[in-house]
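Student: Provided below are the primary sequence and the corresponding predicted coordinates.
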Amino acid sequence: MANKAAVEGQTASVVEAQLKRVDAEGSSRHPHLAALLIATGATASRDLADAVHLLCAIHGSHPGLTDIALAASPAGNTRDWLREAAGAFDRERLYLVRLTSAIGPMPSTPGAVQTENALLALRHAIETLARSERRGCALGAATALIQDWRSFRALLDHAADRSGIECPTCSLPTDDSLSGVVVAGTDGLASERALGFGAEQLLLQHRGLLDLMEARAAARLD
């Protein structure tokens, strides 16, 4: 009983750390995302369209992070969760691609070459996390993506509302599903650290993407 309680306590602490990590370091904390969600001025449509196009450039292609992580995952609870996450994210991807097509062309912005180089670096970093052989790393990135995507989903829904496009129901796994997948995907301090590292790096890439959106919005004002 004591060992079981200790395991449950350790699992709870890892899950709690993951939730706090995304809350503290996730996209919802970025000032540009907050600005996009309330923007109503003359530049709002251009900034939203640019943000959607950039987000599609990172997460609009298949296979994505969850698909790559799923392909390398052994059978078991982790693979089951990743399969659910990948299926749900496929639907999010379809929404993103449809919205990108409907919202209009990417706004003309200075620094096109620098933007493309930045996007290539972001995509490479995310794919590297997904292909990591460190136990827990790809799972950490995948769980952080699913958690953090809710912030981007709010952005997509805002852009869709302004464009008169229907917003489909989000079917991504909930935070409550994390306990089971963390238990299955970690087996000690090394894998727990790897899970944290994967999550932190994924969130870092998302902040980099938002930084890029913000820089491009500022460049259009110059």
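Tutor: Cool, got the structure.
Student: tell me the SS of Ser61?
Tutor: Following DSSP: H, G, I helix; E, B strand; the rest coil, the label given to Ser61 is coil.
Student: Show the contacting residues for it.
Tutor: Ser61 makes contact with no residue, according to C-beta atoms under 8 Å, 6 or more residues apart in numbering. Glycine gets a C-beta too; all of them are placed from N, C-alpha and C.
Student: Next, the contact list for the spatially most central residue of the chain, please.
Tutor: Nearest to the mean C-alpha position of the chain, by C-alpha atoms, centre = their mean, lies Leu145 at 3.2 Å. Leu145 is in contact with 65-66, 89, 202, counting by C-beta under 8 Å, 6+ apart.
Student: Ok, Pro107 next?
Tutor: The contact partners of Pro107, taken as C-beta under 8 Å, 6+ apart, are 46-47, 49-50, 220.
Student: Specify the helix with the largest residue count in this structure.
Tutor: Identified as the longest helix of the chain according to DSSP state H is helix 189-221.
Student: Report the distance from that one to the chain centre.
Tutor: Centre-to-centre, helix 189-221 and its host chain are 9 Å apart (C-alpha atoms, centre = their mean, to the nearest Å).
Student: measure the residue nearest to Phe197 when sequence neighbours are not counted to Leu129 for me?
Tutor: Among residues not flanking Phe197 along the chain, Cys137 sits closest, at 6.0 Å (C-beta to C-beta, 6 or more residues apart in numbering). The spacing between Cys137 and Leu129, counted by C-beta to C-beta, to the nearest Å, is 6 Å.
Student: okay but the residue nearest to Phe197 is in contact with Glu192, surely?
Tutor: No. At 10.9 Å, Cys137 does not count as touching Glu192 under the criterion of C-beta atoms under 8 Å.
Student: thought Ser132 was touching Gly198?
Tutor: Yes. When contacts are counted by C-beta under 8 Å, Ser132 is listed as touching Gly198 (6.8 Å).
Student: hmm, back to that, what helices or strands is the longest helix of the chain leaning on?
Tutor: helix 2-25, helix 31-38, helix 44-59, helix 112-130, helix 137-163, helix 178-185 (3 or more C-beta pairs under 8 Å, 6 or more residues apart in numbering; DSSP states H and E).
Student: In a markdown table, list these along with distance to Asp80 and mean pLDDT.
Tutor: Compiled in a markdown table, the helices and strands packed on helix 189-221 are given as follows (distance: least, C-beta to C-beta, whole Å; pLDDT from 0 to 100):
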| stretch | distance to Asp80 | mean pLDDT |
| --- | --- | --- |
| helix 2-25 | 17 | 72 |
| helix 31-38 | 31 | 96 |
| helix 44-59 | 22 | 96 |
| helix 112-130 | 18 | 98 |
| helix 137-163 | 12 | 96 |
| helix 178-185 | 8 | 85 |
